[in-house]
Each structure stands twice: as C-alpha cells, then as structure tokens.
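# Below is the sequence, then the predicted model.
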Amino acid sequence: MKRRSSFAVPLLLVAALVAPVRAEAQTDPVLRAICDEYWQAVLRANPTWATNLGDRRYDALLSDNSPAGRDHVLAQLRAFRARAEAMDATKLDAKDRTTRGLLVGEIDDALAQSACRFDEWVVDPLSGPQVDFQTMGETTPIRTKKEADDFVERVRATGPWLDQHVANLTRGLESGRTAAIDPVEKTIAQLVTLEGLDPAKWAMVDVARRPRPEGLTAADSAAFERALTAAVKDRVAPAYSRYLTFLRERVKPKARPQDKAGLASLPDGVANYTNMIKVHTSLPKTPQELHALGLSEVARIREELATLGGKTLGTSDVPTIQKKLREDPKLHFDNAEEIEAKAREALARAEVAMPKWFGRLPKAPCEVKAMSALEAPQSTIAYYQEPATDGSRPGRYMINTYAPKTRPRYEAEALAFHEAIPGHHLQIAIAQELGDLPEFRKYGGTTAFAEGWGLYSERLADEMGLYSGDVDRFGKLSYDAWRACRLVVDTGMHALGWTRQQAIDYMVANTVLAPNNVVNEVDRYITWPGQAVAYKVGQLEIVRLREDARKRLGARFDIRGFHDAVLSQGAVTLPVLSAQVEEWVRKVEAHP
C-alpha cells in the first residue's frame, strides 16, 4: 500500500477520506459530535484525499502547506484531543471507550509526526509534488463542467503550493535539516523530465483527453483542455522550474551524504525516529529491540530459503540460490504486458478462493493498473490505491512495469496477494464498508495493522493453495525476508548510524530482490522513516493471535471466523486488535 503523501497534507491524519456520513456506532452523543466534527476538519484539511474517495466539496483546493495552515490544524487537533480527554470514560460502553481511545491515539500520532517537521526537509521521489500532482487526475472523475472548472483551479493552485513548499524547505536548511542526497537527485531527474515536456503533454492535461462524459458538451471539453494547458504553461511549469533550481542550487549542495542518510544525522533525529516507530507500530518499541527482531527473523527465513532451494534448485547454499534466481532470464519477465497479465491472473485466482477463508467479502472490485511512466522509474514495485466510496473508481493494484527484464516472475504472485487479494484490497475495502463505525475508524488506522495484514496475506495465500508452484514460493520467502531486513536496515540507518551502502549490501545479501529494487527500497526508507518496520511487527502479532486462538479453541477454531474478527473493526492499533480477537475467542468458548 502506498503511504499517504507527506507533501499533500499538513499532517498525516488518516489513511484516506470519504464523503461525510454520520456515524451511528457511538451511543454517547458527546463522543459522536466530537468524532463527526473531527472528521469534517480532516476533510477540509486534506482536499485531494477527499476527492480521491468521492467527496467533491473541496475539488478546487489543495491543502494549506503554509506555517499558518499547519498551526491551524495543530490547534484543531489539540482542541479535539482535550474534548475527548475531558469525557468520563467510566460512563461509556466498551465500543465507545475503544473509539475514544483510538481517536486520542490518532491525534497523538499526528502531533508526534508534526513535531518531526518532515515538511521542512523531506524531498520525496515516490510521493512528492512532482509525482502526486501529476497523477491526481487519475483519481478525479470529470463528469460536469463544474468538476472540470474545479480541476483547473486545483491545477493552478499547484504553482503557489510549490512555492510554499520551497519556502518550507528553506526553513529546514536554515535550521540544519536537509534531505539525503539520493532522494534529492532522483527528484531532480523527475523534474528535468517535466521541464523538457510540452505543457500540452503533461499528465495533468491527460484528464481532458478522456472520452467526453455526457455532462460536458464538445465546446466545454475543448475549453477544459485549453484551460488546463494554459494553467500548466503559465502557472505550474514555472513553479516546477523554480523548484528544480532550488533543489539544484540550494538543497543538493547541503544534502546529507550517503554515509549520513538516516535521521541519526539530524538534530533530535533518533528521538524523532523513536516517535515514528510508535506512530507506525502503535507499540513502544525501541530501535534496538526491532533491530534484534529483524536479525532473528532474517536468520529464520534464510533456513526456509535453503530448504526450498534444496528441493527446487538442487542446492541449499543461499548465495547460490540467490544467484540462480537473480540471473536466470527465464525467471524474469520479457515485457510490461506479461507483468500485467500475471497480476490479473493471480488476482482472479484469489477472488475465486476467498469464500472458503472469509465470511465477509468487500463489495468494491479491484483492478490492475500500471504506474505512469513518470512515477515508475523511482517508485517501489507496486502499491494499492483504495476505491472511491461513491463507486466512481474501484480499488487499484498499481504495478510497476518499468524495466520488465529486471522484474522476477517468481515474485509476481506474492506481490499480487499482498497488494490486492487477500491483502490490502480485502482489508481496506471491507473497512470502508463497515457502516457502524465512525468515519475516522473506517478510513484511518495503524500502519502495523494494514501492512501487517498485507504481509500475513502472502503466507496465507500459500495455505489457500494460491501459489502456482515452488518457484513462486521463492517470492513468498524473499518478500518475508525483505520485510525482516527492513527491521534491520531501517533501524540501522535511522538510529544506529548505518550508511546507505550498508543497507543496500545487507538487503542484497539476505533477499532475492533485484538490486535495482533494493536501491529504490532503501531510498524509500530514508525518505519515510519508521514506516518500514511496521510490516513485520504487524504480521507477527496477527500470527501470534491466530496461534493462540487455535490452541485455546482446538476443533472449534474457525479460520473464517478468525479472519472476520481481525477485519471487523478497521485498521485498529495492535493492542486493540488483541482485545477484539480475545473477545471473539471468549464468545466461541461460551457457545460450544
């Protein structure tokens, strides 16, 4: 799942947004009012996310990324927190106590992230403005003249937004905070590509060249394209050019070198990193604890890899296994079309198997879509994009088809099961459809839950019989090792002083990922500190809860019931997940 853009919102408040629907889960009217008002504040603060999931009230706007806008959001958060904390929890029922606790926790996470001041130093080649602004038309249906006019206004607003982004980064430079060199150079390369492009061919204008909807006349459609092209030429392209010049002349000379890529080299960096571990895992883990856990998991998975290699490739030597898998051209794709076809095939097979393993299935469909040519070269191998709740867009499994000969066939199935079904699409679409929950619980949530579920799904898919054969199971083991390595290299760079090259070398030695993917992944961890450690932490907790339930229930254990219990309340914190699984076990025990 693609992490929500750090540039597009003042704070990372929620995972996604939706048109407001009054929640009926809370019985307490005071708590219900707080949740409703909080949600409306989130929608107003994050207008592009609102559009993505079907709320069209703020289509002409972008987030306010100015210091004043940031301070306004912080003040709102503190006020909502104070109101929730002032409530007498003893007078709430169990569901409302959980909702109140999750609301306070989500606000605390947003405040903790804000304290890291990422807006003043992050330069992001994965989700920065040079990517997300270019692709925002892909998630913006244009059906009427008003929607077309609003989109033009939003595109025009990207110019001032970029200038404010430069001002924010300037403050970071003045306080000794700056981005690492490799993300900066990748972002510069993306901006150079845009600088040499005719404004009429920018991705921002592509939305006007779609088949004309009934709500637009031919004259309206032509005017829409002209207005978009003019906006890019007069407002957007010059702002991107100024951003490019700023990165080249001001940021790059002061960027952190590769041997100081992590937060450990920034003022208060390790303290900020420890806070981000709490934000993403919902647990008070230290970097040292997670580093040790990663080393242990890597060692365990290497043994599995050796066993599978002996069975399938005739060798148990891990470096030999890695060499064979990485260098055999027959185990890599030949073209982009093959990558997409394999993804659709895996997704279709998983859809057929779902009813035997889950009692509740999402109504929203999932489709496969290739990343744009601008995004793909610097992006991760895939991500998931949630569906629009108004039905205008399905869930999307976004796949990277750039440089297809570097994309292993044996990883394709594990990737599809993680990002689509039974992974992110199943979990996120079900959460969106939980009508009895307050909105922030349906569309927000904890990284460790969402990504832990995705990683859990890769091994669950093997239990479901979804892998085509042993060669495809190498992908499952490589990806499991990949997430274990994240615990090691993320903590290594951000807390223990590892260099970028140390992180790359460690991941090459302990996964079967292609080296080009390893490089992009390491740069992702540099840019998004703490996010990468959540996967393994969440997966291991789900596995622990499942095995504990199986032991306690014996023959009464039902895998469908367990999965429905896990997915029944949205992407909750791991302590709350433990409590809700415990409640399910007790109910089963009470009704033999």
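Looks like it came in fine.

# Would you agree residue 408 is in contact with residue 331?
Yes - using Cβ atoms under 8 Å, residue 408 is in contact with residue 331, at 5.8 Å. For glycine as for every other residue, the C-beta is placed from the backbone atoms N, C-alpha and C.

# any residues in contact with both of those two?
Both residue 408 and residue 331 are in contact with residue 325, where contact means Cβ atoms under 8 Å, 6 or more residues apart in numbering.

# More neighbours: which of the two?
For residue 408 versus residue 331, neighbours defined as other Cβ atoms under 10 Å are more numerous around residue 408 (22 against 16).

# residues in contact with that one?
By Cβ under 8 Å, 6+ apart, the contact list for residue 408 reads 325, 326, 331, 332, 333, 475, 512, 514.

# Per-residue pLDDT of the first one, please?
So that's residue 325. Note for residue 325: predicted pLDDT of 94.

# returning to what we had before: please list the members of the contacts of residue 408 that lie in helices.
325, 326, 475 (DSSP state H).

# returning to that earlier point: which one of the contacts of residue 408 is nearest residue 142?
Of all the contacts of residue 408, residue 333 has the smallest distance to residue 142: 33.8 Å, by Cβ to Cβ.

# where exactly do the strands run in the protein?
Assigned by DSSP state E, the chain shows strands spanning 366-370, 382-385, 395-399.

# and the last one, what does it pack onto?
Based on contacts counted as 3 or more Cβ pairs under 8 Å, 6 or more residues apart in numbering; DSSP states H and E, the elements that strand 395-399 packs against are helix 336-353, strand 366-370, strand 382-385, helix 412-419, helix 424-432.

# likewise the shortest one?
Counting contacts by 3+ Cβ pairs under 8 Å, 6+ apart, strand 382-385 packs against strand 395-399, helix 412-419, helix 424-432.

# Now do stretch 166-179: everything it contacts.
Stretch 166-179 is contacted from outside by 65, 67, 117, 119-123, 242-243, 246, 250-251, 254-256, 266-267, 527, using Cβ under 8 Å, 6+ apart.

# in the stretch 101-250 of the chain, which segments are predicted with low confidence?
For the stretch 101-250 of the chain, no stretch is flagged by pLDDT under 70.

# same question, the chain
The chain contains residues with pLDDT under 70 at 1-26, 592.

# Which residue ranges make up the domains of it?
1-116, 119-255, 275-540 (automatic domain parsing).

# so which of the strands of the chain comes closest to residue 163?
Going by Cβ to Cβ, the one of the strands of the chain nearest residue 163 is strand 382-385, 28.2 Å.

# ok so, going back, now the ones in helices among the contacts of residue 408 in JSON lines, please, with extra columns for distance to residue 341.
Converted to JSON lines, the ones in helices among the contacts of residue 408 look like this (distance: Cβ to Cβ, whole Å):
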{"residue": "325", "distance to residue 341": "21"}
{"residue": "326", "distance to residue 341": "22"}
{"residue": "475", "distance to residue 341": "16"}
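
# Please, a PyMOL command that selects the buried ones among those residues?
A single PyMOL command selects the buried members of the ones in helices among the contacts of residue 408 (16 or more other Cβ atoms under 10 Å):
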select buried, resi 325+326+475
